[in-house]
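Asker: Pasted the sequence and its predicted model underneath.
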Amino acid sequence: MTPNSEIWARLLLALVFGGAVVAFALQAWRLYRLMRLGRPDAERFGVYAQRLRDELVVYLGQRKLLKRGYVVRGLGHALIFWGFLVITYGTADLLLAGTLGLRMPGVDTAAFMWMVDLFALAVLAAVVVALVRRRFFPPPRMIVQLDGYIILGLIGLLMVTLFLFEAAAVGGKLFAAGAPVPPLASLIAPVFAGPSAPAVFAGSWWLHVLTVSFFLAYLPRSKHLHIVTTLPNVFFRTTRPRGALRKIDDIEQQEHFGASSLRDFTWKQHLDGYTCTECGRCSDNCPATSTGKILDPKMIILKVKEQLLHEGDALLAAGDQRGASPTDETITAEELFDCTTCGACVEQCPVTIEHIDKIVDLRRYLVMERGEFPPQAQTALRNLERSGNPWGQAGPSRADWAAGLDVPTLADNPEAEYLYFVGCAASFDGRNQKVARALVRLLRAAKVSFAILGVEETCNGDPARRIGNEYLWQTQAQATIETFGRYRVRKVIASCPHCFNTFKNEYPQLGGTYEVLHASQLVAELIESGRLRLRSDGALKVAYHDPCYLGRHNGVYDAPRAVVTGTPGAELVEIAPHDHERGFCCGAGGGRMWMEERKGERINSRRMEQVLALEAKPDAVASGCPFCLIMLEEAAGTKGVRERLRPLDVLELAAEHLETEKS
Amino acid sequence: MKLLVPLKQVPDSTMRIKVAPDGKSIVTEGITWSISPYDEYAVEMALEQKDADPSTTVSVVTVGPVRAKDALRAALAMGCDDGTFVTSDENAAPLVVARALAKFVEQKQPDLVLCGRQASDDDQGFVGPALATILGWPHVATVTKFAPADGGIEIWREVEGGHEVWKASGPALVTVQKSDKEPRYASLPGIMKAKKKELPELALSSLGVDAAAPKIEVVKMETPPQRGGGKILKAADGDAASVAAELVRLLRDEAKVL
Amino acid sequence: MKVWVIAESKLMAQKASELRRVSLELVAKATAFGDTELVDVRGPERYVAAPAVDALAKKAEADKPDLVLVGSTPSGRDLAASLAARLGWAYAGDCVDVRPGEGSVEVARTMYAGKVRATMRLSLPAVVAVRPNAFPLPKTPPTDFQAQTVAAEMVPQKLQFVRFEPTKEAKAGVPLAEARVIVSGGRGLRGPENWKLVEELAAALGAALGASRAVTDAGWRPNEEQVGQTGKTVAPDLYIAVGISGAIQHLAGMTQSKTIVAINKDPDADIFKVADYGVVADAFAFVPALTAEVKKAKAAA
């Protein structure tokens, strides 16, 4: 190559790649400006050590891709991703060398060349597998679009051209003698050893560079932008506890409530949209989607993003114009109220998208600003407002379940160590009253000092918050905090995970900080420490159903299981693969307890099928949540299996095995 | 169209009612008060007309003690335009209330007055028909729908087997059985706006109504035995017929529902 | 004491048989304590308050009865309240008993949506609307009373009858929401094929059919039959729950019923907590027996 033509080549490369960079930057700038239509979001900053750690684990480590049930597929992605990183390093070197004549450190070592070649081969293989899978065995929830083929094609082309120019360089002896050469490419180098080597090299090298440039320019309009946006999306992920919804500050001063416009989402919620890879793992694990409801969590994210891309420019130009809410446009109320807020989507999303927040923000708009939401949910909230519980039962009958048990109230015994917050379900629902009575027997047997609020107890507001009435939640929560304050409550036991969750994770937002235990945690500890003595009552196989607000939202997986395994004679059966973090919702979360479920298969029926399909043939299915119990009872009754598969609460299981009680 | 809904605040339907020690009144401590359900249907029916034709105004008025202001605010939060509070003591005579409302209606001159079928405290269902009678206005009972029609208002009255459709050519009064839709859920902006709204207050005495009314007094109140204190009959094998006969007797002679 | 009983006529005849019966019940009761006059208002075909009230008020001001009894049907209550307002007399509606005293009358009725039983004392003269079935129908028709007819003229006024719109008879049977008697079936009936059990009981009672959520969810019965928090909230005079365990979501929709009968073989079923009459029995044996007894009782009446 003459010096002159080399200068031209450098200029041409600078022009091509520079053009791609400019094209990328212009599009990225637009996306950034659209994203900033969203509100500021203070909770995205601080705790940087944790954010960096997340980055290493989730982004670089691909941890969330390698979740149970997705290991092989996840590994395929991880290979492409890691290969992409290594090869991008090589590409950077290529471009630097080709324009400025500079080299990246380490690229001419044998080790790096091994890495490049091995990864390139792996990537090529993964791309082929991915292409075949997409074409012939598409995963059910994945949106297969041209975009995916283009990207896979580009990656494949990059690998092919890489091997080609490497091989031509080796074949044409373009490497200095004795210097390390790309090991795998060398194997095919003899094919290119002829006089055509320089031409093949130049051709494939330019094709490679053009592909890289095109890739860069194309990226912002592709879902594959996630290779860039995942970086900030993981970094700025929320540090709120999973079970805590965002508080609306100064709610009485607000003009708008929830997502009344694209401007009401935070910028991070828009970044979520840019980051969605449309992989569909959220949909795959969504109890609503998988039982034939309209809701598909992925589509919520994508529809908001689509609207932003369509209307965002006009909103930017219009200055203070608010624009429509996504629920006025593409997202129906039915979709939003299909959600049980079980958190399976959030748990599974490889790029840490926060689906529930978006759904609840949209619900908040419908409920608080518009007053338009499912009538049964309206009834539940109206009941809650007027009678202090979503079932509209008379407040003074709240402590009827304890009749004859002589349970002290805090008014009787202000010195009690624990407040047992019974919750509406165990207070009013006949089936769950038995669970409350079981807990009382356990606490008595272990000589735990406790008291209840009695008729002073009222709903803590949780259903209102899930349904989208933040105002009602705040009102109820403040009243509850006041009552707790009056009795100087410090330790709270809840037998309901929904109560537990809101006390533990959400009450601190209003200044109510307590030591909160789910009853199963305390009981497990009492068994462990020997304060509770249980006896065997014959062998019993107990399947454990993870309540979402105990498991996924709070990571309490072990305590309720420990209650089962701590019960002599009881054998724990996992409802595999839908156990622990992959637990399948009973269908009653997110306010669904009080709504109709008419479309598709009933969620509790699906859950019961999963239990019935177990080879271990459990005798009982135990949970730690009143709503789960109601749903499991209903499904067991409808399927006519109650005689052989008894739904119960782990507290009942323990209480029935108390040494002091006859079987 | 100008609509007026007189409403009454009563113990919420989810409340458990306890009789006071005097045996003639109820314990009001701890009671959540709401708009009487049929009045709430009347509000909803009026607001549906306002949804259909935004030039409609919906006014509400109540006669009652200070706490009844909350009922007006609740109606305003649902979307009513204005509310007037007529102060009276706790147990104003129904006839006096009707007379006071009549004065107010004469001032306000609505095209249609919508009353709930009955207030779910005394369950009398007196004030609506009485108000129409005092005003000399035509009225229709157990109404489920109305709509503006050529030169008047068409009114659907629920009767066995269907609906009678009546047409009022001048101002009229209806007592509402049920609205097409369940009463709407108040939006938060609606609640906030209602909180700030002026509520004009009138003293019952300032309306210049005749305070004389026939004497109607409660001499005794009692709550039926608690649910669950019910009679349990056990039908072992073979005696189904005799238990069934006993149940029929109880339903006919004791519960008087057959 | 001079007592008027307002008879139903075409004026209020929506269901002639019931009204005739309530009139007879009232006349029989009234003759026990006063000089009774059966006043029959003849007038326009369709009930509207003003003409009847005008005619009755004029007559009442002349005749001065002490007590006017009206059957507490929807139209009867409306008429009674309007008449009391016109005359400025005391009024009580939906009464289940009437006991005349010195210068006053005591009535028994419920208040607070049936949650309270009250006795009220009204000064005389008074207008009282009395529920059908409050008094037994006499075995022999009463004769000890006068009868007179009052003509109500439908003067051209600002209210005109336009048309009648019959309810679409989409389905046989009584609609759930306004039924006075409801028979509901639950999971205890084991399957949709056993529904004729409750259907026959409902037919004997003239009742509407209801179902628990479990049953509608399982597809045994149509959704519109569901009674409960997520279905219909009902408050009939009589609610019979067959094979329903009494989950809270069901109870939330029916505890306002005046009388609740629960039939369940599990004596611990939660439904018994709200039942006025509980029958611990196997529905398959008991319900047919009950149906037979109901038929017997109806035939006797």
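Answerer: Cool, the structure landed. Residues are numbered from 1 along each chain as shown, chains lettered A, B, ... in the order given.
Asker: Now the stretch 1-150 of chain A against chain C: closest residue?
Answerer: Closest contact between the stretch 1-150 of chain A and chain C, by Cβ to the nearest Cβ, is at A:P140 (25.7 Å). C-beta: built from backbone N, CA, C; applies to glycine.
Asker: Remind me which helix or strand that residue belongs to.
Answerer: A:P140 belongs to no helix or strand when assigned by DSSP states H and E.
Asker: pLDDT score for it?
Answerer: A:P140 carries a pLDDT value of 74.
Asker: And it, how close does it get to A:D284?
Answerer: Separation of A:P140 from A:D284 (Cβ to Cβ, to the nearest Å) stands at 7 Å.
Asker: all strands for the stretch 101-250 of chain C, in order.
Answerer: Using DSSP state E, counting those that start in this stretch, the strands found in the stretch 101-250 of chain C span residues C:104-111, C:116-123, C:126-130, C:146-151, C:159-166, C:181-185, C:208-211, C:238-242.
Asker: Show the secondary-structure elements that the third one is packed against.
Answerer: It stands for strand C:126-130. helix C:16-31, strand C:67-71, helix C:74-87, strand C:90-100, strand C:104-111 (3 or more Cβ pairs under 8 Å, 6 or more residues apart in numbering or on different chains; DSSP states H and E).
Asker: Between strand C:67-71 and it, find me the angle.
Answerer: On the basis of axes from the mean of the first three to the mean of the last three Cα atoms, to 10 degrees, strand C:126-130 is oriented at 20 degrees to strand C:67-71.
Asker: Could you do the fourth one as well?
Answerer: For strand C:146-151 against strand C:67-71, the angle between stretch directions is 70 degrees (the same axes, to 10 degrees).
Asker: Quick one: distance of strand C:146-151 to the chain centre.
Answerer: Relative to the centre of its chain, strand C:146-151 is centred 26 Å away, using Cα atoms, centre = their mean, to the nearest Å.
Asker: Okay, buried residues for it please.
Answerer: By 16 or more other Cβ atoms under 10 Å in any protein chain shown, the buried positions in strand C:146-151 come out as C:V150.
Asker: That strand pairs with which strands?
Answerer: As defined by DSSP bridges, the strand partners of strand C:146-151 come to strand C:35-42 (parallel).
Asker: Between helix C:74-87 and the partner strand, find me the angle.
Answerer: Relative orientation of strand C:35-42 and helix C:74-87, computed by the same axes, to 10 degrees: 110 degrees.
Asker: for strand C:35-42, the distance to its chain's centre please.
Answerer: When distances are taken as Cα atoms, centre = their mean, strand C:35-42 is centred 22 Å away from the chain's centroid.
Asker: Next to chain A, which bits of the stretch 51-200 of chain B? Give me the list.
Answerer: Neighbours of chain A within the stretch 51-200 of chain B, by Cβ under 8 Å from any Cβ of the partner chain: B:182, B:184-192.
Asker: got TSV for those residues, with secondary structure and neighbour count too?
Answerer: Formatted as TSV, those follow (DSSP: H, G, I helix; E, B strand; the rest coil; neighbours: other Cβ atoms under 10 Å in any protein chain shown):
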residue	secondary structure	neighbour count
B:E182	coil	14
B:R184	coil	21
B:Y185	coil	22
B:A186	coil	20
B:S187	coil	20
B:L188	helix	25
B:P189	helix	17
B:G190	helix	21
B:I191	helix	18
B:M192	helix	16
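Asker: So which of those residues is the closest to B:T57?
Answerer: B:G190 (15.9 Å; Cβ to Cβ).
Asker: still on that earlier bit, worst average pLDDT in the strands of the stretch 101-250 of chain C?
Answerer: The lowest average pLDDT among the strands of the stretch 101-250 of chain C, as it happens, falls on strand C:146-151, at a mean of 85.
Asker: Using CSV, write down the CA coordinates of that strand.
Answerer: Presented in CSV, the C-alpha positions along strand C:146-151 are these (Å, rounded to 0.1, in the frame of the first residue of the first chain):
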residue,chain,number,x,y,z
GLN,C,146,-118.7,-0.4,54.9
ALA,C,147,-117.5,0.2,51.4
GLN,C,148,-117.4,3.3,49.4
THR,C,149,-116.0,4.4,46.1
VAL,C,150,-114.1,7.6,45.5
ALA,C,151,-113.7,8.9,42.0
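Asker: from the chain's centre, how far out does stretch A:282-295 sit?
Answerer: How far stretch A:282-295 lies from its chain's middle: 14 Å, per Cα atoms, centre = their mean.
Asker: Between its first and last residues, how far does it reach?
Answerer: Taking Cα to Cα, to the nearest Å, stretch A:282-295 runs 11 Å from one end to the other.
Asker: what ranges of the chain fall below the confidence cut-off?
Answerer: With no chain named, the answer covers chain A. Within chain A, the segments meeting pLDDT under 70 span A:1-3, A:662-663.
Asker: hmm, I had chain C in mind actually
Answerer: Applying pLDDT under 70 to chain C picks out residues C:9-20, C:154-157, C:168-174.
Asker: So what are the structural domains in it, by residue number?
Answerer: Per automatic domain parsing, the domain ranges recorded for chain C read C:2-158, C:176-300.
Asker: domain assignment for chain A?
Answerer: Following automatic domain parsing, chain A resolves into domains at A:3-35+A:66-227, A:254-373, A:376-526, A:534-656.
Asker: Would you mind giving those domains as a markdown table with distance to C:K139 added?
Answerer: Formatted as a markdown table, these follow (distance: least, Cβ to Cβ, whole Å):
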| stretch | distance to C:K139 |
| --- | --- |
| domain A:3-35+A:66-227 | 74 |
| domain A:254-373 | 57 |
| domain A:376-526 | 43 |
| domain A:534-656 | 49 |
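Asker: can those go into TSV with extra columns for mean neighbour count?
Answerer: Shown next, in TSV, are the domains of chain A (neighbours: other Cβ atoms under 10 Å in any protein chain shown):
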stretch	mean neighbour count
domain A:3-35+A:66-227	17
domain A:254-373	22
domain A:376-526	22
domain A:534-656	22
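Asker: Export these as TSV, with columns for distance to chain B.
Answerer: Formatted as TSV, the domains of chain A follow (distance: least, Cβ to the nearest Cβ, whole Å):
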stretch	distance to chain B
domain A:3-35+A:66-227	28
domain A:254-373	4
domain A:376-526	4
domain A:534-656	14
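Asker: Tell me how many other residues surround A:S529.
Answerer: Residues contacting A:S529 under the criterion other Cβ atoms under 10 Å in any protein chain shown number 9.
Asker: In contact with B:A75, which residues?
Answerer: Counting by Cβ atoms under 8 Å, 6 or more residues apart in numbering or on different chains, B:A75 touches B:5, B:7, B:35, B:43, B:60, B:83.
Asker: what's the closest of those to chain C?
Answerer: Ranked by distance to chain C (Cβ to the nearest Cβ), these are led by B:I35 at 13.9 Å.
Asker: what's in contact with the helix or strand that contains C:A62?
Answerer: Using DSSP H and E, C:A62 sits within helix C:49-63. Helix C:49-63 is touched from outside by B:129, B:132-133, B:138-139, B:141, C:2, C:4, C:6, C:11, C:37, C:39, C:41, C:43-44, C:68, C:78-79, C:82-83, C:86-87, C:150-155, C:157, C:159, with contacts defined as Cβ under 8 Å, 6+ apart.
Asker: repeat that for 6 Å
Answerer: With contact meaning Cβ atoms under 6 Å, 6 or more residues apart in numbering or on different chains, helix C:49-63 is reached by C:41, C:43, C:78-79, C:82-83, C:86-87, C:150, C:152-154.
Asker: For the buried ones among those, write the corresponding PyMOL selection.
Answerer: Applying 16+ other Cβ under 10 Å to these, the buried members can be selected in PyMOL as follows:
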select buried, chain C and resi 41+43+78+79+82+83+86+87+150+152+154
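Asker: Could you dump the contacts of helix C:49-63 into JSON lines and include distance to B:D253?
Answerer: Below are the contacts of helix C:49-63 laid out as JSON lines (distance: Cβ to Cβ, whole Å):
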{"residue": "C:V41", "distance to B:D253": "33"}
{"residue": "C:G43", "distance to B:D253": "37"}
{"residue": "C:D78", "distance to B:D253": "30"}
{"residue": "C:L79", "distance to B:D253": "30"}
{"residue": "C:S82", "distance to B:D253": "34"}
{"residue": "C:L83", "distance to B:D253": "32"}
{"residue": "C:R86", "distance to B:D253": "38"}
{"residue": "C:L87", "distance to B:D253": "36"}
{"residue": "C:V150", "distance to B:D253": "36"}
{"residue": "C:A152", "distance to B:D253": "38"}
{"residue": "C:E153", "distance to B:D253": "44"}
{"residue": "C:M154", "distance to B:D253": "43"}
